[in-house]
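> using only what follows, build the 3D model:
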Amino acid sequence: MTQNGNFKRRVRARAPKTGESYTAALRHIRQASGHDTSPNHTDTQSLRLAVAQTSLFSDPRDGTALRSSGVEIRRLMREADKEGARLIHFPEGATCSPNKRIMSQSGPENIGPSDWTRFDWAVLGEELEEIGRLARELGLWAVFGSVHRLTPPHRPHNSLYVVSDRGELVTRYDERMLSNTKISFMYSPGKGPVTFEVEHLRFGCALGMEAHYPEIFTEYERLDVDCVLFSTTGEIPSAAPPFAAEALGHAASNTYWVSYAAHAPQSVAIPAGIAAPDGRWKAQCPADGAPALIVTDISVDRKHPARPWRRTARSDLYEAQKIDGDPRSDARNSF
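Residues are numbered from 1 along each chain as shown. Purely as a prediction, here's the structure:
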């Protein structure tokens, strides 16, 4: 860990001097030291990834709570940096996951259209700026859930912000497959998939209840992602196992990594973790209901045959070899 820390300090020292991004400075120093991992040098790429489980903040009217969520996010970012992570992944609504009853104009007894004027947008904006500044300071990518405000009367998006190691918002993923309550009363749906690259690895984003929809994950396989960052929320532990099981299944069926980030209250059932392409957990946070993170290396072998074969199998490979006829008429009453 000390060696890795010294290496990162060299990268940070070079970047401001040359005007390069953290990634460009990292690549230069690796080349100079004979440790280049670009596609021209190896068929295996790797990245140190952190996944976090955070406290659940559900009242967007409470500016103090919004600030506390920002403090917690930044504390975990610093911990991830000390462990050598290049990217840290947070749950849905890591800054705040507004409760539908708190937001309801006719609530809390009845759930109706959300009143987004209740959200302390000014405090949220300040916390987002602080997160970006720390990402730049650490040279760390951060992906975290937040509400994204749109011009009224449009409802906001439920989003994942992708902040680069230069502290810039490089892209945003908006949840597409919203729940009945979300689409009826709370949010505007997103329009499409989002991918981005860090260290020659391509990431995709999924959010909320989208683990229930395999088409979201097969779409990312077609887009050549190496890892899907799936962020969800929740305070009821009993809701966690189906999502976690689906995360493992998507990893195995698509032969890529899946990072599963949920809020800490659910960890007593299933903690946040990183699912490997073999459909097993590579690493998981503690199952104690407390905020935490886990860090591990994810790697991709470009020559591994499983993924190309599955793509071939999903094409029209079998059509030419199918035999015409009704299988019921060919049974001949025997095996």
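> show the pLDDT at the residue nearest in space to the middle of the chain.
Note on the chain: the residue nearest the mean C-alpha position is residue 229, at 2.4 Å, using C-alpha atoms, centre = their mean. Residue 229 carries a pLDDT value of 98.
> ditto for residue 284
As predicted, residue 284 sits at a pLDDT of 97.
> pretty sure it contacts residue 273?
Yes: assessed by C-beta atoms under 8 Å, residue 284 is found in contact with residue 273 at 3.5 Å. For glycine as for every other residue, the C-beta is placed from the backbone atoms N, C-alpha and C.
> higher neighbour count, these two?
residue 273 (25 against 20; other C-beta atoms under 10 Å).
> so that one bridges to which residues?
residue 260, residue 284 (DSSP bridges).
> distance check, it against residue 166.
28 Å (C-beta to C-beta, to the nearest Å).
> one step back: what sits in contact with each of residue 284 and residue 273?
Residues within reach of residue 284 and of residue 273 at once, by C-beta atoms under 8 Å, 6 or more residues apart in numbering, are residue 294.
> please state the offset of stretch 307-316 from the chain centre?
Its chain's C-alpha centre and that of stretch 307-316 lie 26 Å apart, by C-alpha atoms, centre = their mean, to the nearest Å.
> please point out which parts of that stretch sit buried.
Buried positions in stretch 307-316, judged by neighbour count with 16 or more other C-beta atoms under 10 Å: residue 307.
> check stretch 68-88 too.
So, applying 16+ other C-beta under 10 Å, buried residues of stretch 68-88: 69-70, 72-74, 76-77, 79-81, 83-88.
> tell me the two of the residues you listed that are most distant?
Using C-beta to C-beta, the buried residues of stretch 68-88 span at most 24.8 Å, a distance reached by 69 and 84.
> show me where the stretch 201-335 of the chain has helices.
214-222, 240-254, 306-313 (DSSP state H, counting those that start in this stretch).
> show me what the first one is packed up against.
Okay, so that is helix 214-222. Applying 3 or more C-beta pairs under 8 Å, 6 or more residues apart in numbering; DSSP states H and E, one finds that helix 214-222 contacts strand 201-207, helix 240-254.
> recalculate using a threshold of 6 Å.
helix 240-254 (3 or more C-beta pairs under 6 Å, 6 or more residues apart in numbering; DSSP states H and E).
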